[in-house]
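In: A predicted structure for the sequence below; I have some questions about it.
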Amino acid sequence: MTRIRPVSGGGRAVEVTPERLAGWFARFADRHHGVATTRTTATHVLVTAADGATAEIAAAFDEFADVGESEGLAIAPLLANATASRRLGLLLVRLGGHSLGIALDGEVVTSTTDSRQVHGRNKAGGWSQQRFARRREGQARVALQAAAADAARVLVPRVDELDAVVLGGDKQALDALRSDRRLAPLFAKASRRILDVPEPRRAVLDEAAQRARSVEIIVRDRHTSSPESL
């Protein structure tokens, strides 16, 4: 299933698997009366259609090779980058649980998953609400400690084998783990992109392993804001 989300400044972000990239750009060209230029830098590819629409891709892992600007559609460096074999660490965390592991070319080869009860927020007032809030904070702390311990046990010892680490889940929970010194080597290798995932389960980890390989394309039509300067 293709994932699409709106982006600030207008336009949309589309996740495309490496195997479908060539076909996606062929359809992009058909929809926009052809491609005028393709500009490739070490960190970005910008495809500009004849009608002014753009498709922009930021390098998620390695830099792009063969930089320069060409007439028409010239995405060979993008395709080579997207289809390269990679071993990725995955760290998915929400307050109610975590799932993490290592994936090779989209297939999870080692993993661990755990869930913890963290009560939702209580809207009642007074002393009862304060007691409930303290209980919730304690449950969240225990859940995050368990996530950090598993990440330190499963991922940190093998961090040198990883091409990158892909994060997912709740930003607040990930920020809490970021403060754990044991996990510094993981966050040093973390991709800028954070996957939006539901409560982490093994099936969610499997899907995230596939999504981590996907290329995120920022598509803007001619009437929307200009893409980020390269």
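Out: Yep, it's here.
In: in which helix or strand would I find residue 209?
Out: Assigned by DSSP states H and E, residue 209 belongs to helix 202-213.
In: right, and the helix or strand after that helix?
Out: strand 215-220.
In: buried ones in that next one, by neighbour count?
Out: For strand 215-220, a neighbour-count test (16 or more other C-beta atoms under 10 Å) marks 215, 216, 217, 218, 219, 220 as buried. The way it works is simple: take the backbone N, C-alpha and C, and place the C-beta from them, glycine included.
In: can you list the helices and strands that it packs against?
Out: strand 12-16, helix 21-31, strand 54-58 (3 or more C-beta pairs under 8 Å, 6 or more residues apart in numbering; DSSP states H and E).
In: let's see 6 Å
Out: strand 12-16, strand 54-58 (3 or more C-beta pairs under 6 Å, 6 or more residues apart in numbering; DSSP states H and E).
In: tell me the buried residues in the helix or strand harbouring residue 109?
Out: Assigned by DSSP H and E, residue 109 belongs to strand 107-115. Buried residues in strand 107-115, counted by 16+ other C-beta under 10 Å: 108, 111, 112, 113.
In: related to what we said a few turns ago, need the helices and strands packed on strand 215-220 in TSV with distance to residue 160, mean neighbour count and mean pLDDT, can you?
Out: Output for those, formatted as TSV (distance: least, C-beta to C-beta, whole Å; neighbours: other C-beta atoms under 10 Å; pLDDT from 0 to 100):
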stretch	distance to residue 160	mean neighbour count	mean pLDDT
strand 12-16	28	17	96
strand 54-58	25	21	97
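In: redo those as JSON lines? Include distance to residue 137.
Out: Listed next are the helices and strands packed on strand 215-220 as JSON lines, based on distance: least, C-beta to C-beta, whole Å:
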{"stretch": "strand 12-16", "distance to residue 137": "34"}
{"stretch": "strand 54-58", "distance to residue 137": "37"}
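In: lowest-pLDDT helix or strand in this protein?
Out: None of the helices or strands of the chain scores lower by mean pLDDT, DSSP states H and E than helix 126-154, at a mean of 77.
In: which strands and helices sit next to the helix or strand following that helix?
Out: Next along the chain after helix 126-154, taking DSSP H and E as the criterion, comes strand 164-169. Other helices and strands packing on strand 164-169, by 3+ C-beta pairs under 6 Å, 6+ apart, are strand 87-94, strand 190-195.
In: strands paired with the last one, and their directions?
Out: Right, the one you point to is strand 190-195. strand 164-169 (parallel) (DSSP bridges).
In: residue 98 touches residue 147, doesn't it?
Out: Yes. Using C-beta atoms under 6 Å, residue 98 is in contact with residue 147, at 3.8 Å.
In: between the two ends of stretch 93-111, what distance do you get?
Out: 13 Å (C-alpha to C-alpha, to the nearest Å).
In: list the buried ones in stretch 87-95?
Out: Applying 16+ other C-beta under 10 Å to stretch 87-95 flags 88, 89, 90, 91, 92, 93, 94, 95 as buried.
In: cool, thanks, signing off.
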